[in-house]
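In: Need coordinates for the following:
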Amino acid sequence: AFIISSNYTTKIKFMYWLGLDVIPVSKQGNLMELPSVLRSNIAANNEVQNNEIINKFFLDRAFNEVETKIQYVFQTKAYLIAAFTHSSSFANLVTDSYER
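Out: From the prediction side, this is the model:
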C-alpha cells in the first residue's frame, strides 16, 4: 500500500533504502536529476507546449487504448510513448531513445 500511495521520489528513495540501485544518488544521499525522456528539441519548450505535443501524439496513435486495456492512467504520457515506440521511428518525434 505504501508504494502504491506514495509519489515517485518517495518510491525511489524506498527502493534505494532496500538496497536496490535504481537511480544514481549523490554522495550526500540526494537523488540526482533524471534525464528527460523527451527529445531535446521538445524538452526546450515550456511545459504547456510539451503537454500539447505529447497529448496529440498520444491520442493520434491511440495510446489511450493501452491505458484502457491495462486499466492504468499514466501521469507522464511520454513514458508510455517511449516504452512502445523507438526513437528511430519517423513518427516518434516526441521521445528520446531509451538505449543510453
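
In: isn't Y16 right up against V25?
Out: Yes - contact between Y16 and V25 holds when scored by Cβ atoms under 8 Å: they sit 6.3 Å apart. The C-beta positions use only the backbone N, C-alpha and C, and glycine is treated the same way.

In: For this protein, give me the ranges with low pLDDT.
Out: 1-2, 4, 8, 23, 34-45, 86-93, 96-100 (pLDDT under 70).

In: Domain parsing of it, as residue ranges.
Out: Each domain of the chain is listed here as a residue range: 1-33, 35-100, per automatic domain parsing.

In: May I see the buried residues of the shortest one?
Out: By neighbour count on 16 or more other Cβ atoms under 10 Å, the buried set for domain 1-33 is I12, K13.

In: which residues in the protein form helices?
Out: With helices called from DSSP state H, the chain shows them at 2-5, 8-17, 40-43, 47-60, 63-70, 77-84.

In: Same list as before, the ones you listed that is, but in JSON lines and with distance to L31 included.
Out: Formatted as JSON lines, the helices of the chain follow (distance: least, Cβ to Cβ, whole Å):
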{"stretch": "helix 2-5", "distance to L31": "16"}
{"stretch": "helix 8-17", "distance to L31": "6"}
{"stretch": "helix 40-43", "distance to L31": "19"}
{"stretch": "helix 47-60", "distance to L31": "21"}
{"stretch": "helix 63-70", "distance to L31": "27"}
{"stretch": "helix 77-84", "distance to L31": "17"}
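
In: Most tightly packed of these?
Out: Mean neighbour counts were compared across the helices of the chain using mean count of other Cβ atoms under 10 Å; the top stretch is helix 77-84, at a mean of 18.

In: Alright, calling it a day.
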